[in-house]
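Novice: heads up, no residue letters with this:
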């Protein structure tokens, strides 16, 4: 399995709810998506980003299918102007 973690810092943190909702629309676009969690910064908890995505894919093929899917590409392009910074960390997760 592959865990796909993405953190966004937005120009305006007030955009976080709509940004997150747009991301959630990509949750089930490809087979092999095993988990898809989107969160926004909470005032009461430590965070250096405004929005976080943690997605789990069955394998590298599923992750590639997600990254190249037309809906994902469309959402990415729509959200790009809202972000100040983006960090990505993909890593292998042992089965079980």
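Specialist: Great, that's in hand. These numbers come from a predicted model, not from an experiment. Numbering: from 1, shown residues only.
Novice: Quick one: residues contacting the residue nearest to residue 35 when sequence neighbours are not counted.
Specialist: Excluding its sequence neighbours, the residue lying closest to residue 35 (Cβ to Cβ, 6 or more residues apart in numbering) is residue 56, at 3.9 Å. (C-beta placed from N, C-alpha, C; glycine too.) By Cβ atoms under 8 Å, 6 or more residues apart in numbering, residue 56 lies in contact with 1, 2, 3, 4, 33, 34, 35, 36, 93.
Novice: Among these, which are located in strands?
Specialist: 2, 3, 4, 33, 34, 35, 36 (DSSP state E).
Novice: Can you select the buried ones from the residues you listed in PyMOL?
Specialist: Buried residues within those, by 16 or more other Cβ atoms under 10 Å, are selected in PyMOL with:
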select buried, resi 2+3+4+33+36
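Novice: and which of the ones in strands among the contacts of residue 56 is nearest to residue 69?
Specialist: For the ones in strands among the contacts of residue 56, the residue nearest residue 69 by Cβ to Cβ is residue 33; the value is 10.3 Å.
Novice: Quickly list what that closest one is bridged to.
Specialist: Judged by DSSP bridges, the bridge partners of residue 33 are residue 57.
Novice: gap between it and residue 70?
Specialist: Applying Cβ to Cβ, to the nearest Å, the value for residue 33 to residue 70 is 16 Å.
Novice: and if you look at residue 21?
Specialist: 19 Å.
Novice: For the helix or strand that contains residue 84, which outside residues touch it?
Specialist: Assigned by DSSP states H and E, residue 84 falls within strand 83-92. Contacts of strand 83-92 with the rest of the structure, by Cβ under 8 Å, 6+ apart, involve 1-11, 49, 63.
Novice: For the spatially most central residue of the chain, give me its contacts.
Specialist: Central residue of the chain (Cα atoms, centre = their mean): residue 53, 3.4 Å from the mean position. Each residue near residue 53 by Cβ under 8 Å, 6+ apart is listed here: 4, 5, 6, 23, 36, 37, 38.
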